[in-house]
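Novice: Have a look at this prediction, sequence included:
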Amino acid sequence: MSKPPSFPPVYTDAAQQASENLRRVLPLINQHKTPVNPVNYAVWYEYVSGSNQALSDAIDTRLEQNKPITTEVTQNLYEKYVLMGMPERLEKTNNGITLVVNNTLKNLNKAESTAGECAADLSNTENVLKNCTDIDVLKAVVHDILSNTQTLTASSNELKQELAKSSQEMKRLSSELTAVKEIARIDGLTGLLNRGAFDKELLVLCKKSDVSIALAMFDLDHFKQLNDTFGHVVGDKVLQFFSSLLKKHAGNNHLAARYGGEEMAMILFDVSQHQAVEIAEEIRAELANSNLKQKKNGQTLGQTTVSAGVSLFQLGDTPNSLIDRADKALYVSKENGRNQVNVN
C-alpha cells in the first residue's frame, strides 16, 4: 500500500517487512550504479515499500522515459519527496528567531547603557547639591535633571517600540512554525492528513484505555482503469473530489486521511458500530450518485464508486490489528461486488 509522505519520515514496518524491503532495495541501488548511502537507501526503500506515492510516481516516470537515476537524481528526489523542503523552512524560521533575539538584546543593552550614563550624571548632581547655595548652579542642576529625565523617557519609549516590533515578529514566526508543522501533516494533493500523521494519531489513540473510536477504510473502485482511460490529471481530480466528501463528513468531530494512493481512512470518534457504518454508507452513496464529468468537454466518467470496511476499536487493539480488521472488511466489500460497506 502506498502512502503520502510525512515530515519527519515515519517508518512503521515490522522487522520481517523491513528485511524484505532491504532485499529488494539493494539490487535496485546496484542496478543504477549508485552507492549504498543513507540517502539512496531511503529513496529506494520508500519506493519498494510503496510508502511515498509522489516519489514512486516520479521514479516510475523517469524509468518509463529511460532516464538514468543517478546519485544526483536520488539526492533531488530525497530533498523534494522525503524531506519536502522542510529543513529549509525550519532554518529560515530559526534564523528569524535568532535575529529577533539578537535585536532585543541589542536594544536592552542600549537602554542599559543610557540608564547607566544618566545614573552617573545624577550621582554627580547629588554631590553638587550637597553644598550648593548659588541659584544659577541650582538652575543648571535642574536643567541637567530634566535633560536626563527626557533622555531616559526617550530611551524607554524607543525600547517599548522595539520590543513591540519584536513581539509582533515573534508572533509571525510562531505562526510560521505552526504552519510548517501543519504542512508536514497534510497530503499535498487531497488536503487530508497524510499517512504519517494518521499513523501517529492512531498510535496515540490505541494507547488509551478509555478511547471510543471506529476506523473506516475506503478504496476507490477500478481507479487504475479510470486513470488509464482518462489520465492521471482526471484521476487526481477524482481523488480531490472524494477527499472533499470525506472532509465534509469528518467535520470537526472526526479525522480523515489519505492512507495511500486511492485508499483513504477515517477515524470516527464516539460512535457506535451502527453509526460508523451509517457515516461510511452516506459517503459511499454520495460518491456513487455524483455523476462526475470532465470539465473541459463535459464527458461523463461513468459511475464512480468506493468500497469501504469498518471496524470498532477493541481494548488491547494496536494500530495494526485495528487496520487489519477494517482492511478485511474492505476486502469483503471488494469481493462481493464493490460499491458497498462491510464491517468486521
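Specialist: Right, received. Where do you want to start? These numbers come from a predicted model, not from an experiment. Residues are numbered from 1 along each chain as shown.

Novice: mind showing which ranges of the protein have poor pLDDT?
Specialist: For the chain, applying pLDDT under 70 flags the ranges 1-13, 84-105, 107-157, 159-160, 163-164, 166-167, 169-170, 173-183.

Novice: Strands of that one, start to end?
Specialist: Assigned by DSSP state E, the strands in the chain fall at 213-220, 255-260, 263-269, 306-312, 341-343.

Novice: Adding distance to Thr61 and mean neighbour count, write those strands out as a markdown table.
Specialist: Any C-beta I mention is one placed from the backbone N, CA and C, and that applies to glycine too. Below are these laid out as a markdown table (distance: least, Cβ to Cβ, whole Å; neighbours: other Cβ atoms under 10 Å):
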| stretch | distance to Thr61 | mean neighbour count |
| --- | --- | --- |
| strand 213-220 | 22 | 25 |
| strand 255-260 | 19 | 25 |
| strand 263-269 | 21 | 22 |
| strand 306-312 | 27 | 26 |
| strand 341-343 | 35 | 22 |
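
Novice: Of all those, which one comes closest to Trp44?
Specialist: Trp44 sits nearest to strand 255-260 of all the strands of the chain, at 17.8 Å, using Cβ to Cβ.

Novice: CA atoms only for the closest one - export them in CSV, please.
Specialist: Output of strand 255-260 as CSV, limited to C-alpha atoms (Å, rounded to 0.1, in the frame of the first residue of the first chain):
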residue,chain,number,x,y,z
LEU,A,255,-10.2,12.7,11.2
ALA,A,256,-9.9,11.9,7.5
ALA,A,257,-6.5,10.8,6.0
ARG,A,258,-5.0,9.7,2.7
TYR,A,259,-3.8,6.3,3.6
GLY,A,260,-2.1,5.6,0.3
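
Novice: So what angle separates the directions of that strand and strand 263-269?
Specialist: With axes from the mean of the first three to the mean of the last three Cα atoms, to 10 degrees applied, the angle from strand 255-260 to strand 263-269 works out at 160 degrees.

Novice: Now do strand 255-260: which elements does it pack against?
Specialist: Applying 3 or more Cβ pairs under 8 Å, 6 or more residues apart in numbering; DSSP states H and E, one finds that strand 255-260 makes contact with helix 195-206, helix 232-250, strand 263-269.

Novice: mind giving me TSV with the ones you listed and columns for distance to Gly337?
Specialist: Converted to TSV, the helices and strands packed on strand 255-260 look like this (distance: least, Cβ to Cβ, whole Å):
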stretch	distance to Gly337
helix 195-206	28
helix 232-250	19
strand 263-269	18
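
Novice: just to revisit the earlier point, tell me which of the strands of the chain sits nearest to Gln53.
Specialist: Ranking the strands of the chain by proximity to Gln53 (Cβ to Cβ) places strand 255-260 first, at 6.5 Å.

Novice: Would you mind pulling the contact partners of that closest one?
Specialist: The contact list for strand 255-260 (Cβ atoms under 8 Å, 6 or more residues apart in numbering) reads 1-4, 50-51, 53, 187, 189-190, 192-195, 197-198, 201, 217, 239, 243, 246-247, 249-250, 264-267.

Novice: which of those are buried?
Specialist: Using 16 or more other Cβ atoms under 10 Å as the burial test, those include 2-4, 51, 53, 187, 190, 192-195, 197-198, 201, 217, 239, 243, 246, 249-250, 264-267 as buried.

Novice: do you know how far the residue nearest to His254 when sequence neighbours are not counted is from His274?
Specialist: Distance criterion Cβ to Cβ, 6 or more residues apart in numbering; nearest residue to His254, sequence neighbours excluded, is Leu268 at 4.9 Å. As judged by Cβ to Cβ, to the nearest Å, Leu268 and His274 stand 12 Å apart.
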